[in-house]
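Trainee: sequence unknown, structure follows:
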């Protein structure tokens with residue numbers, strides 16, 4: 001057990017212990033098993049917090065002898081970890097989805113229609129009907145749906161139902177009409193579905209925006225309601241920092257205003273969307289930082305998703321001969337943005353799923369990074385990598401930002417898309433970890449479940465929530481428990497350039513931590529997903545407590 005570690009350039013403990021009065025601090029947590037996630041992954045028993053930061057951490061006797069507080073938390077032997085950091089998520093979209101038709105887990109199109117009808121009955125007078133979360137891979141025949149039934153049920157109200165990955169949607173005839181979408185429309189990086197030369201309602205990748213841009217903007221009150229609902233869910237899961245991948249500058253303005261009045265306490269690292277308005281707004285002024293907000297990256301999309309066959313592959317899809325997927329922009333576009341960002345302090349972060357998309361982006365990144373560096377440019381997802389391309393990550397310190405639950409969600413059909421040989425170098429978290437020696441982990445929520453415990457479980461055991469398969473999916477790519485915890489805390493912070501502020505429990509860092517009812521480092525695999533968050537603290541303030 002480590003001895004007390006204190007801030008203040010090597011404070012001599014003897015002086016403190018010799019004082020008649022103890023130092024008063026805002027908070028003391030004691031009788032705990034604290035995983036500091038410092039460089040040695042050391043453990044402690046107690047810590048003292050002042051002004052939102054850790055001032056000392058160490059063993060029970062030393063902390064209690066040196067400090068006193070009117071706010072003392074006896075953990076009763078329970079387990080403290082740094083606040084979890086989701087390295088890739090969509091906080092604003094998640095908040096919005098909480099007020100739409102929940103289509104996640106639907107096993108048929110008829111079930112989806114039933115859920116939509118029920119939602120509309122409970123929310124009459126909607127100007128637009130929106131839903132989120134369907135996945136045709138769960139349907140009996142795995143075919144994409146069409147909008148015929150939606151047209152009959154809702155002839156006068158526009159309907160837009162998003163696929164689970166956000167890379168496809170079904171729109172009814174009214175929504176297509178209002179958006180001016182017609183059969184035969186051509187666009188780069190997307191497809192508009194037709195059946196017998198008639199619009200089917202299916203929109204893939206860039207085609208989704210053809211309709212989505214016509215959905216009315218939320219009011220300020222609606223926006224606030226979304227974010228506060230998302231925050232409550234995140235704090236209940238032990239999440240204290242979220243990386244939101246792809247926002248407009250208008251989102252940032254609203255987020256900042258809510259944080260400044262202390263309504264929104266969630267810390268956010270923001271990647272701006274690849275839009276001219278955002279470049280015009282931020283490139284001249286540079287990154288924007290407050291105690292809770294860091295706008296420091298730009299998010300690009302190289303391709304779509306494997307589930308909707310929008311991922312760009314080097315060889316055709318096994319289950320759709322002749323189809324390779326597609327890039328969502330030209331190679332010249334990615335090169336031009338890299339050329340701009342390399343001359344700034346901004347981070348370049350690119351969604352890349354297929355092996356072709358990853359190869360394109362790795363080539364662009366290596367061209368401008370040109371060897372070892374600390375720019376921390378990121379490939380988001382890095383799902384399917386050609387075995388010859390792994391080394392390109394380490395060559396220029398490119399960060400693979402992965403979501404372990406994608407592997408355990410996709411494993412049921414991924415081989416159908418890729419074939420057995422190509423699957424071997426897909427979802428290769430361990431191999432990606434080896435490239436730089438560290439790897440940030442996220443969920444991509446609301447694409448996947450928000451739970452960090454599912455992230456941990458999938459990363460370490462390579463199993464889904466039903467503990468399938470028994471031996472794990474591609475167990476050679478499992479992470480150790482320590483690697484998974486680091487990926488959810490200090491490595492996620494490092495990917496966001498926040499490792500000096502958060503991600504571990506050390507003196508001088510923010511007191512962002514979570515109290516759990518069981519030890520993730522030793523708990524039986526079957527019990528991990530039953531882990532309960534007892535309390536969550538952000539800047540030393542309790543922002544969530546489990547009800548008795």
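Mentor: Thanks, I have the structure now. Note that this is a predicted model, so its numbers are computed, not measured.

Trainee: quick one, strands of the stretch 101-250 of the chain?
Mentor: Taking DSSP state E, counting those that start in this stretch as the test, the strands found in the stretch 101-250 of the chain are 101-102, 129-134, 159-163, 168-171, 190-195, 198-205, 239-247.

Trainee: The fourth one - which strands sit beside it in the sheet, and in what orientation?
Mentor: In other words, strand 168-171. Note on strand 168-171: by DSSP bridges, its sheet partners are strand 159-163 (antiparallel), strand 198-205 (antiparallel).

Trainee: Out of those strands, which is closest to residue 213?
Mentor: Counting by C-beta to C-beta, residue 213 lies closest to strand 159-163 out of the strands paired with strand 168-171; the figure is 10.9 Å. C-betas here are computed from N, CA, C, even on glycine.

Trainee: Specify the angle between that closest one and strand 129-134 in degrees.
Mentor: Strand 159-163 runs at 20 degrees relative to strand 129-134, counting by axes from the mean of the first three to the mean of the last three C-alpha atoms, to 10 degrees.

Trainee: ok, and what's touching strand 159-163?
Mentor: Strand 159-163 is contacted by residues 101, 103, 112, 116, 128-136, 147, 150, 168-172, 174-175, 208, 211-212, 215, 305, 307-308 when judged by C-beta atoms under 8 Å, 6 or more residues apart in numbering.

Trainee: quick one: contacts for residue 401?
Mentor: Applying C-beta under 8 Å, 6+ apart, we find residue 401 in contact with 87-88, 349, 378-382, 439-440, 442, 495.

Trainee: go with 7 Å
Mentor: The neighbours of residue 401, taking C-beta atoms under 7 Å, 6 or more residues apart in numbering as the test, are 87-88, 378-380, 440, 442, 495.

Trainee: thinking again about what came up before, format the strands of the stretch 101-250 of the chain as a markdown table; extra columns: distance to residue 81, mean pLDDT and mean neighbour count.
Mentor: Converted to a markdown table, the strands of the stretch 101-250 of the chain look like this (distance: least, C-beta to C-beta, whole Å; pLDDT from 0 to 100; neighbours: other C-beta atoms under 10 Å):
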| stretch | distance to residue 81 | mean pLDDT | mean neighbour count |
| --- | --- | --- | --- |
| strand 101-102 | 29 | 96 | 20 |
| strand 129-134 | 29 | 95 | 23 |
| strand 159-163 | 33 | 96 | 26 |
| strand 168-171 | 36 | 96 | 28 |
| strand 190-195 | 41 | 94 | 19 |
| strand 198-205 | 37 | 95 | 23 |
| strand 239-247 | 11 | 98 | 27 |
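
Trainee: how about JSON lines for the ones you listed, with distance to residue 537 added?
Mentor: Shown next, in JSON lines, are the strands of the stretch 101-250 of the chain (distance: least, C-beta to C-beta, whole Å):
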{"stretch": "strand 101-102", "distance to residue 537": "30"}
{"stretch": "strand 129-134", "distance to residue 537": "31"}
{"stretch": "strand 159-163", "distance to residue 537": "34"}
{"stretch": "strand 168-171", "distance to residue 537": "39"}
{"stretch": "strand 190-195", "distance to residue 537": "44"}
{"stretch": "strand 198-205", "distance to residue 537": "40"}
{"stretch": "strand 239-247", "distance to residue 537": "8"}
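
Trainee: Looking at the ones you listed, spot the one closest to residue 539.
Mentor: Using C-beta to C-beta as the measure, strand 239-247 is the one of these that comes nearest residue 539, at 8.8 Å.

Trainee: So which elements touch that closest one?
Mentor: In terms of contacts (3 or more C-beta pairs under 7 Å, 6 or more residues apart in numbering; DSSP states H and E), strand 239-247 is packed against strand 84-89, helix 91-97, strand 267-273.

Trainee: From the chain's centroid, how far away is the last one?
Mentor: The gap between where strand 267-273 is centred and where its chain is centred comes out at 11 Å by C-alpha atoms, centre = their mean, to the nearest Å.

Trainee: cool, and stretch 335-342?
Mentor: In terms of C-alpha atoms, centre = their mean, the centre of stretch 335-342 is found 24 Å from the chain centre.

Trainee: List the contacts of that stretch.
Mentor: With contacts defined as C-beta under 7 Å, 6+ apart, stretch 335-342 is touched by 274, 298, 300, 348, 364-365, 368.

Trainee: Sort out for me which of those residues are in strands.
Mentor: Applying DSSP state E to these, the entries found in strands are 298, 300, 348.

Trainee: Which helix in this structure has the most residues?
Mentor: With secondary structure taken from DSSP state H, the chain has its longest helix at helix 220-236.

Trainee: low-confidence ranges in the protein?
Mentor: Scanning the chain for pLDDT under 70 picks out 1-20.

Trainee: The stretch 251-400 of the chain: strands as residue ranges?
Mentor: In the stretch 251-400 of the chain, the segments counted as strands under DSSP E, counting those that start in this stretch are 267-273, 288-289, 293-301, 347-352, 378-381, 399-401.
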